[in-house]
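[1] here is my input; please provide its structure:
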Amino acid sequence: MKEYNSTNTGSLSPPSEGAGGGFEAFGVVFRAYRSQFSSSRFRSFTVNYKETDLWIGVDPDSFREEMYEAAMEKIIALRTQMEAYLLIDPIFGKTFEPLQVKPNAPEIVNRMAEAAHRAGVGPMAAVAGAFSETVGQYLMQQFSIQEIVVENGGDIFLKINRNLLMSVYAGNSPLSEKIGIEIPADQSPLGVCTSAGTVGPSISLGKTDATMIVCHNTALADALATTFGNQVQVPEDVQQVTQQTERFPEILSAVIICRDKIGIRGQFEMKLLK
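    Below you'll find the model as predicted:
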């Protein structure tokens, strides 16, 4: 999602957990979701460990060099916990259905499982959002931060103190980056997560160019983006599936794009972008 400074100050400048896709598709998502956040508003760094690849942006006044090490330590801890759990419960990493986790499962595993159960999908559908949110919350606990964005392959945790206008990246759709959603600062922290059947490396059983869901719970936003993305097979499905998002009061806003069709629902203001 392209971020615009909604107060018209600053300028535009500047993988995912899951399986499938390829390096070329991943690179497209990487550029679309990271390279366009305003460098005047966010000082950024990337943290890579195994398959986890996070882009983290922090307002310049709050930025500290020690944040990189703190984020890396947290990611290593989360990966270690999850990998250890997968050794005793390998189905957790494979199933496309909700799964009851074993007693004494790590917090990250429980967070993913709870989101997946609510959304009706497998727990790995929530992993990118869960990692983004957990790392972002950890950094906010360790440092005094005014604004932070943690992005993981298009799944974003953010806490902001002024509104943020973001465009929806939808691959080759003619609507890609033509629709903007304004994120109100007073609703953050929250998660903005996108699933796509035509873009990116993660598994999707649907054909959307973008299914964007906004919730206060980032792991749930991630899981629900998969849920509704899976339900769209042709452009004619878009309106019906968009209406089904009303079943989830946790959803603050939703945007579904398939080719030249778009469905929009929610509390946040949508804007046409040039």
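
[2] pLDDT weak spots in the protein?
    Across the chain, the ranges flagged by pLDDT under 70 are 1-36, 197-206.

[3] quick one, helices of it?
    23-34, 66-88, 107-119, 127-142, 218-230, 238-244 (DSSP state H).

[4] dump these to a markdown table, plus mean neighbour count and distance to G171.
    All C-beta spots, glycine's among them, are computed from the backbone N, C-alpha and C. Converted to a markdown table, the helices of the chain look like this (neighbours: other Cβ atoms under 10 Å; distance: least, Cβ to Cβ, whole Å):
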| stretch | mean neighbour count | distance to G171 |
| --- | --- | --- |
| helix 23-34 | 17 | 7 |
| helix 66-88 | 15 | 28 |
| helix 107-119 | 22 | 23 |
| helix 127-142 | 24 | 18 |
| helix 218-230 | 30 | 13 |
| helix 238-244 | 17 | 15 |
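
[5] quick check: which of these is nearest to P98?
    helix 107-119 (4.3 Å; Cβ to Cβ).

[6] and K271, how far is that from A130?
    Going from K271 to A130 by Cβ to Cβ, to the nearest Å gives 30 Å.

[7] correct me if wrong: K159 contacts G136.
    Yes - assessed by Cβ atoms under 8 Å, K159 is found in contact with G136 at 6.9 Å.

[8] what do these two both touch?
    148, 189 (Cβ atoms under 8 Å, 6 or more residues apart in numbering).

[9] separation between A254 and K74?
    Taking Cβ to Cβ, one finds A254 at 30 Å from K74.

[10] right, and M72 touches T46 too?
    No - with contacts counted by Cβ under 8 Å, M72 stays clear of T46, the gap being 10.5 Å.

[11] can you pull out the strands in the stretch 151-274 of the chain?
    155-159, 164-167, 179-183, 190-195, 210-215, 253-258, 261-266, 270-272 (DSSP state E, counting those that start in this stretch).

[12] good, wrapping up.
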